[in-house]
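Enquirer: Here you go, sequence then predicted model.
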Amino acid sequence: MFVTLPQEIEQMKQMVKNFADKEVDPYSQQIEDEDMLPQHLVEQAKDLGLFGISIPEEYGGIGLNAVGKAVVLEQLGRTHNGFVSLISAHTGIGSTGLVKLASDYLKQKYLPDMAAGRKIGAFALSEPGAGSDATNLATRAEKVGNNWILNGTKHFITNAPVADVFTVFALTDKAKGAKGGITAFLVEKDFPGFTIGKKDKKMGLRGSYTAQLIFEDCIVPEENVIGEVGMGYMNALKILGEGRVGLAARAVGSCDKLIELSASYAKERVQFGKPIADNQAIQWMLADMATETEAARMLTLKAANMIDEGKTVIKEASMAKLFASEVFNRVADKAVQIHGGMGYVSDYPVERFYRDARITKIYEGTNEIQRLIIARRVLEEN
Amino acid sequence: MNIFVLLKRTFDTEEKITIAKGAINEEGAEFIINPYDEYAVEEAIQLRDNHGGEVTVVTVGNEEAEKQLRTALAMGADKAVLINTEDDLESGDQFTTAKILAEYLKDKEADIILAGNVAIDSGSGQVGPRVADLLDIPYVTTITNLEISGETVTVVRDVEGDSETIETKLPVLVTAQQGLNEPRYPSLPGIMKAKKKPLEELELDDLDLDEDDVEAKTKVVEIFLPPTKEAGRVLEGELDAQVKELVNLLHKEAKVI
């Protein structure tokens, strides 16, 4: 690999792989059946420090660099994607704004609890009328005395039913819009005027919840503004940019798992008197799965490595998210094909991965938006 | 309490193992802390947490073993010692390892030494008892429970499907059996802290040992994988006849009775 991992990151990789394979995986079917994460697994993940990977050491986290985070998330991607969503939404978009942009006051107030997993983070940008067109926000914030008053609705907010602190984007100056009119706020779940709506019934990612957020004259103290007033949209782009690398890493880990499952199934499944792994038709699928996964891993690590070198990664992060999510879908599709009918029933984990893969082409910026971002950079550069 | 753990780096037998040129193929193999030694590390950390003191993990091996020592430090051990024999020894056996460890431990005033019951690679189960013998302290093997009160040590040991309770005194050496505890995962903060914990590296010279002092007493003649499992055979007919045939086959074909 072109990125040599430091020994401690190698150690973390091994530990997280063991945790994912030996502790979480045995509960995957239960999570599917009950649409609920076993509390002891969540507690174990907290004890292992997984909720603090992106929070600096001075605030009680372990402050991993981007490569380190990608390695940890890749290993988590091997297991139930709903379980991983809780952690990655918290360590990614749910806390990045605080870590990168917030005042010392906000950091000290929230980050230690978030690093330990005592408080769970969520990120709230999407609205019924503002998906890919993220600037078209209807949620408004008005300054009244020392407070901001929020009104509006957010939807599809990952972790909403279990989160304690929300990074919420609202329009503070309609005339300026995206160019100086959107502001990020840190909203606690108990702030007056803030309620969580019904959770969504999703195709996959069981055990991970998304829901609406409803703000009705919600009072947010002015010190809870994250970053500068009016700079919210630029801040959102920064937060999402880094989150994309983590998402790509998770997809790569899921692909690794699907390849393992498919190869071992192909060796065991006998048809026409021989294992189906002897058939070139199956071998070619496995070859493509492995090659594309490796390419996605390299792209992801490259983007992560660039973040650590302090470079701008807007294009590379989008490329990693775009490619890894599409590879994940292709790999999951082939895994189902190799498993045949067994791949279509929920007794086998490939069926779950197939459903969980689909959302990765949509959330944290649809792949169409990723292509738009990449194309703009390509046209600018050439 | 001055606690020492003897630890071995081994390949992971849950992964695929291949043999090339009469040796285990290290390329592609995954290496881990010998799982029985992991119980010893866990028990040592718990002893330290309950009784105070310090846990030192010791291994005899090459530089590669640093990774396993760091993992033990990440689990919570305080110090690690790598006795690096890479430049001095071409081969060694249980005698070699025990002699080196005893030489290192003889002036350390250990209250308790913990080791794995057996290493999953060569599986001799000899190093622990040999070290105790050389240090002239008592030892109890295959333990599943350990309690220490003052100088008194109460140990439950596994004896082929039954258990035996033994009382002895510190200093003592014990070897861990599965069931002693549930080893913790090294936490991410633990892994970061382990980077800064002391890891001392020694060579035979530092222990005033010559190659001749520790020369292996045994020779490996051959290493081979167990035969692959073949399809079973289903006996048919009257029960009496089946039993007779089974006994006959076990005697004549399998030659186990």
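Expert: Cool, the structure landed.
Enquirer: Can you show me the helices along the stretch 151-257 of chain B?
Expert: Secondary structure of the stretch 151-257 of chain B by DSSP state H, counting those that start in this stretch: the helices cover B:188-194, B:239-252.
Enquirer: And those, which one averages the lowest pLDDT?
Expert: Of all the helices of the stretch 151-257 of chain B, mean pLDDT reaches its minimum on helix B:239-252 (a mean of 91).
Enquirer: What is that one packed up against?
Expert: Packing contacts for helix B:239-252, counted by 3 or more Cβ pairs under 8 Å, 6 or more residues apart in numbering or on different chains; DSSP states H and E, involve no helix or strand. (Glycine included, C-beta is placed from N, CA and C.)
Enquirer: What separation is there between the closest residue in space to B:Q94 that isn't next to it in sequence and B:L180?
Expert: In space, and not counting its chain neighbours, B:Q94 is closest to B:Q126: 4.0 Å by Cβ to Cβ, 6 or more residues apart in numbering or on different chains. As judged by Cβ to Cβ, to the nearest Å, B:Q126 and B:L180 stand 19 Å apart.
Enquirer: A:N224 too?
Expert: Separation of A:N224 from B:L180 (Cβ to Cβ): 50 Å.
Enquirer: Equivalent analysis for A:K202, please.
Expert: Here A:K202 is placed at a distance of 43 Å from B:L180 (Cβ to Cβ).
Enquirer: who has more neighbours, those two?
Expert: Shown here are A:K202 and B:L180; by other Cβ atoms under 10 Å in any protein chain shown, B:L180 has more neighbours (25 against 17).
Enquirer: And the pLDDT for that one?
Expert: Looking at B:L180, its pLDDT reads 94.
Enquirer: Just give the closest residue to it, not the sequence neighbours.
Expert: Leaving aside its sequence neighbours, B:L180 sits nearest to B:Y39 (Cβ to Cβ, 6+ apart; 4.6 Å).
Enquirer: show me the residues around that neighbour that make contact.
Expert: Counting by Cβ atoms under 8 Å, 6 or more residues apart in numbering or on different chains, B:Y39 makes contact with B:G116, B:A176, B:Q177, B:Q178, B:L180, B:N181, B:P183.
Enquirer: Where does it fall, secondary structure wise?
Expert: Here B:Y39, judged by DSSP states H and E, is contained in helix B:35-51.
Enquirer: same question for the longest helix seen in chain A, mean pLDDT?
Expert: Using DSSP state H, we find that the single longest helix of chain A is helix A:232-268. Across helix A:232-268, the average pLDDT comes to 92.
Enquirer: Over to stretch B:97-116?
Expert: Computed over stretch B:97-116, the average pLDDT equals 95.
Enquirer: ok, and for that stretch, which residues are buried?
Expert: Going by neighbour count (16 or more other Cβ atoms under 10 Å in any protein chain shown), the buried part of stretch B:97-116 is B:97-105, B:110-116.
Enquirer: Looking at those, which is nearest chain A?
Expert: Using Cβ to the nearest Cβ, B:G116 comes nearest to chain A of the buried residues of stretch B:97-116, at 18.3 Å.
Enquirer: hang on, that closest one packs against B:G128?
Expert: Yes - contact criterion Cβ atoms under 8 Å: B:G116 and B:G128 qualify, at 7.5 Å.
Enquirer: sorry, back to before: so the residue nearest to B:L180 versus B:I45, what's the distance?
Expert: B:Y39 is 11 Å from B:I45, by Cβ to Cβ.
Enquirer: which residues sit in contact with the residue nearest to A:Y348 when sequence neighbours are not counted?
Expert: Once flanking residues are discounted, A:Y348 sits nearest to A:M342: 5.1 Å by Cβ to Cβ, 6+ apart. Going by Cβ under 8 Å, 6+ apart, A:M342 touches A:Y265, A:Y348, A:V350.
Enquirer: Among these, which one is most surrounded by other residues?
Expert: Counting neighbours by other Cβ under 10 Å, the top entry in the contacts of A:M342 is A:V350, with 25 neighbours.
Enquirer: tell me the pLDDT at that one?
Expert: Looking at A:V350, its pLDDT reads 97.
Enquirer: CA-only coordinates of the host helix or strand of it in PDB, if you can.
Expert: Per DSSP H and E: A:V350 is located in helix A:349-358. Provided in PDB are the C-alpha atoms of helix A:349-358 (Å, rounded to 0.1, in the frame of the first residue of the first chain):
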ATOM      1  CA  PRO A 349     -26.200 -11.600   5.300                       C
ATOM      2  CA  VAL A 350     -25.700 -10.700   1.700                       C
ATOM      3  CA  GLU A 351     -29.400  -9.800   1.400                       C
ATOM      4  CA  ARG A 352     -28.900  -7.300   4.200                       C
ATOM      5  CA  PHE A 353     -25.800  -5.800   2.600                       C
ATOM      6  CA  TYR A 354     -27.700  -5.500  -0.700                       C
ATOM      7  CA  ARG A 355     -30.400  -3.300   0.900                       C
ATOM      8  CA  ASP A 356     -27.900  -1.400   3.000                       C
ATOM      9  CA  ALA A 357     -25.700  -0.600   0.000                       C
ATOM     10  CA  ARG A 358     -28.500   1.300  -1.800                       C
END
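Enquirer: Name the surrounding residues that touch that helix.
Expert: Contact with helix A:349-358 is made by A:28, A:32, A:80-82, A:203-205, A:251, A:254, A:257-258, A:261-262, A:325, A:328-329, A:331-333, A:335-336, A:339, A:342-346, as judged by Cβ under 8 Å, 6+ apart.
Enquirer: Swap in 7 Å and give it another go.
Expert: By Cβ atoms under 7 Å, 6 or more residues apart in numbering or on different chains, the list of residues contacting helix A:349-358 from outside reads A:28, A:32, A:81, A:203-205, A:254, A:258, A:261, A:328-329, A:332-333, A:335-336, A:339, A:343-346.
Enquirer: and if you look at stretch B:228-239?
Expert: Stretch B:228-239 has contacts (Cβ under 7 Å, 6+ apart) with B:Q242, B:E245, B:L246.
Enquirer: Now the second one. Nearest residue, chain neighbours left out?
Expert: Across the structure, with Cβ to Cβ, 6+ apart as the measure, the residue nearest B:E245 apart from its sequence neighbours is B:L235 (5.7 Å).
Enquirer: distance of the one you found from chain A?
Expert: Distance from B:L235 to chain A, counting by Cβ to the nearest Cβ, to the nearest Å: 25 Å.
Enquirer: What is the burial count for A:S346?
Expert: Neighbours around A:S346, by other Cβ under 10 Å: 12.
Enquirer: Revised request: answer the last question for B:A254.
Expert: The local packing of B:A254 (other Cβ under 10 Å) involves 9 other residues.
Enquirer: same question, A:G121
Expert: Burial of A:G121 is recorded as 29 neighbouring residues (other Cβ under 10 Å).
Enquirer: what sits against it?
Expert: Contacts for A:G121 (Cβ under 7 Å, 6+ apart) come out as A:H90, A:G94, A:S95, A:M114, A:A163, A:V165.
Enquirer: what packs against the strand or helix carrying A:Q283?
Expert: Assessed by DSSP H and E, A:Q283 sits inside helix A:280-308. With contacts taken as 3 or more Cβ pairs under 7 Å, 6 or more residues apart in numbering or on different chains; DSSP states H and E, helix A:280-308 sits against helix A:66-76, helix A:232-268, helix A:314-339.
Enquirer: Fine, thanks again, bye for now.
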